[in-house]
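Colleague: Next one to model:
(2 chains)
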Amino acid sequence: MGGDSSDIPLHIPDAPHRPGEDAEFADWPWKPEDLGMLEIDCSAEDSSGHATGLVRVLGDDNSASGKWDPKLSAEELRMGLEHMLRLRIFDDRMMKMQRTGKLSFYMRSFGEEAVAIAQTMALENQDWLFPTYRQPGAQFVRGRDMVSMICHCIGNEKDNVKGRQMPVHYTYKEGRFISVSSPVGTQFSQAVGVALASRYKELDEVTITWIGDGASAEGDYHYALNFAGIFKAPVILNVVNNQWAISTHSNFASGLQNFAIRGIPYGIPSIRVDGNDFLALFSVTRWARERASKGLGATHIEVLTYRAGAHSSSDDPSRYRPQDENEHWPGGDPIERLKDHLISIEEWSEEDHAELSERLDSEVMSAYKEAVKFGDLANGPYPSSDAIFTEVYESPPWHLVEQWDEMKKWRDE
Amino acid sequence: MPNMNMVESVNSALDTMLSNDNDVIIFGEDVGYFGGVFRTSDGLQEKFGKHRVFDSPLSEGGIAATAFGMGINGLRPVVEIQFADYIFPAYDQIVNEMAKIRHRSGGEFWCPVTIRTPAGGGIRGGHHHSQSPEAQFTHTPGLKVVYCSTPYNAKGLLISAIEDNDPVIFFEPKRCYRGPFYGDPHNVPTWSGHPEAEVPESHYSVPLGEARLAIEGEDCTVIAWGAMVHVCEQAIKDSGISCDLIDLQTLVPWDREAIEKSITKTGRCVIVHEAPKTSGFGAEMAASIQERCFWSLESPIERVTGWDTPFPHTTEWDYMPGPDRIAAAIARTQEE
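Modeller: This is a model prediction of the structure:
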């Protein structure tokens, strides 16, 4: 009866490894054969094994097996590989631009390329994407011109958001890719609204959204699950657990070691998937789309991955985690894994890969050269500062007209 | 006396208060192991232990609510909201809870929380890393609102804020963390050698509610806070007009007496802030000044502010009030 708690200190969690320590992760116990398909109309409780397990298709040897194998054609697999490699090369070039003062800021998707690319490929073109800053790769799948993406990142006169947003905060309505916002998590609950509007209009549109493990601590995450569960929204709610929110480990985002199962008490079927396994991601997302499309409601997915790079160009992860921690991640690298798989089924070769890499390199270089023709960060030309005043409202009220005139006077003097 | 930049002086204030008072604890996003994205809590977890300086979940509402609970139970939390732009999920907790608990509980509970947050533009942060939302808080009875401008007043005001028994929102002008900002983005001075960067290592305080007379003059009263204090210093030089420059330091409660004294002398006034004009704190000041000093005023009160628009990314220098706009306003006050 009755212990004495007077000498128990305040509990503060910690990250598994810090600089100077050896990074070690336990081997994954999960195999592609572990989990069967879930019934499309399963209940939240029915999915508990899939939430506590891990859906994989690519095994430790990168061969494909198990019930979740989406049986994609070699052509589809090569397309996925190409988009992932395109994103990695693009990111590397943009990062070099940032380092040489040609961009004010940048954020790579390094190590997480499969997430947006596999998941967007699993959707239909009418489906809405409501991303964070770590899903720019979805735009390649939807066919966005790379020059236009670079112009946005520079903030030059061809930036479609007119120099208003920081780099990587893309908007691409043509591809149903909704504007990225810096305040983390806001999109997650908004996406439920997008999905409910599609249902209201009785359209076969599904909305997919993503949130980081860190941002899942925001209220918006919980609003989303609750509204989606209650209204059976046609939405796919992904928590991208990449282990790190800047310097804050996912141990500070949830008292559980598992993000997926948090959907179950909200009445939403929930699955954890290997986020570096292109095939598993594709398959789980396609299953979730089918549920949504049939009016069966939302799916909650934990995408288990690792942020292999820095949070952003302003961040230095060597201050808070071992520099080689990413090399020990049990999920490996998404590009290497799909490449190995394609090679093992004799649909790809090292030569093909080197050739692709070279082609993408020159694609990125020529897009970059084309983009800077419309202005660079150091010298402009920039979007006109008239864009400060336009689109604040549908049309500017008198006080903005007055201030706009005053700004022009100072600018043009 | 050591020369500190504003990151170091904020750190020194936190260090001093952690040493002086075991009830002071610090938490927020990335403030623990990493020491904060601007390094303001660098080394403090190592020195004081992780139960006193720790990382929080990414949840501004959760940070504010937890600080509230700790505050009413006898602790003195100092929390960080990583950018002032991200404070709004905490708005309900700050405005409806922290600000009102003393009053609503008949004085039985109070909440001595300090919320530090980097604010203001000039770092190419676009609309979500540049805003200066002080007016959203000055409109809330029960909160004190402080805006530091130099390494010296940052430490002294922060110590006063932490020691204060009311909730305080403490804005730090991020553009001035490593040097004063005179309105020219190409001129990037450091705090080294600046008289306001002489910061004692020990405990001292700059009282809340008192303005600082940064420059003394005769013909116009220029009022500013945060980074705009330094921009105004440049503007006054450029204008060639003899001005009082008043660094307001505390917005609630503001130092009406100092302003009245100056305007009674100069008869002219320019108020400068980088936040938008409509319902900005300049409006409150202008209204109060005309109520109290109407017969001393020789010309209309001028306001130079950010536009009533979101803060831009690429073209931020066409948004932020610069020395040219401020100098012209000072000159207009001198017209007959």
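
Colleague: drop to CA atoms for contacts and neighbour counts, all remaining ones
Modeller: Noted.

Colleague: now for the strand or helix carrying B:R292, which elements pack on it?
Modeller: Per DSSP states H and E, B:R292 falls inside helix B:281-293. In terms of contacts (3 or more Cα pairs under 8 Å, 6 or more residues apart in numbering or on different chains; DSSP states H and E), helix B:281-293 is packed against helix B:256-266, strand B:269-276.

Colleague: Spit out the contact partners of the residue positioned nearest the centre of chain A.
Modeller: Central residue of chain A (Cα atoms, centre = their mean): A:Q135, 3.3 Å from the mean position. Taking Cα atoms under 8 Å, 6 or more residues apart in numbering or on different chains, we find A:Q135 in contact with A:109, A:113, A:115-116.

Colleague: And the closest residue in space to A:E33 that isn't next to it in sequence, how far from chain B?
Modeller: Distance criterion Cα to Cα, 6 or more residues apart in numbering or on different chains; nearest residue to A:E33, sequence neighbours excluded, is A:G66 at 4.6 Å. Computed as Cα to the nearest Cα, to the nearest Å, the A:G66 to chain B distance reads 36 Å.

Colleague: List the residues that contact the residue in the stretch 51-200 of chain B that chain A sits nearest to.
Modeller: Nearest residue of the stretch 51-200 of chain B to chain A, counting by Cα to the nearest Cα: B:S59, 4.6 Å away. Each residue near B:S59 by Cα under 8 Å, 6+ apart is listed here: A:215, A:217-219, B:89.

Colleague: that older thread, assign the residue nearest to the centre of chain A to helix, strand or coil.
Modeller: Judged by DSSP: H, G, I helix; E, B strand; the rest coil, the three-state class of A:Q135 is coil.

Colleague: just A:K369 next, same as before
Modeller: Applying three-state DSSP: A:K369 is helix.

Colleague: The chain: strands as residue ranges?
Modeller: Looking at chain A here, since you left the chain open. Assigned by DSSP state E, the strands in chain A fall at A:128-130, A:207-212, A:235-241, A:244-245, A:248-249, A:270-274, A:299-304.

Colleague: actually chain B
Modeller: Going by DSSP E, chain B shows strands at B:24-28, B:53-55, B:76-80, B:114-119, B:144-147, B:168-173, B:212-215, B:220-224, B:243-247, B:250-252, B:269-276, B:302-306.

Colleague: measure A:F389 to chain B for me?
Modeller: For A:F389, the distance to chain B - Cα to the nearest Cα - is 6 Å.

Colleague: on that earlier part again, and the residue nearest to the centre of chain A, its phi and psi?
Modeller: For A:Q135, the backbone dihedrals (degrees, to the nearest 10) come out as phi -120, psi 40.

Colleague: roughly how far apart are it and chain B?
Modeller: 19 Å.

Colleague: And that residue, what's its pLDDT?
Modeller: The confidence metric pLDDT takes the value 98 at A:Q135.

Colleague: Adding distance to B:G306, pLDDT and neighbour count as columns, could you present the contacts of B:S59 in CSV?
Modeller: Compiled in CSV, these are given as follows (distance: Cα to Cα, whole Å; pLDDT from 0 to 100; neighbours: other Cα atoms under 10 Å in any protein chain shown):
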residue, distance to B:G306, pLDDT, neighbour count
A:A215, 31, 97, 25
A:A217, 33, 97, 24
A:E218, 30, 97, 23
A:G219, 31, 97, 19
B:P89, 24, 97, 20
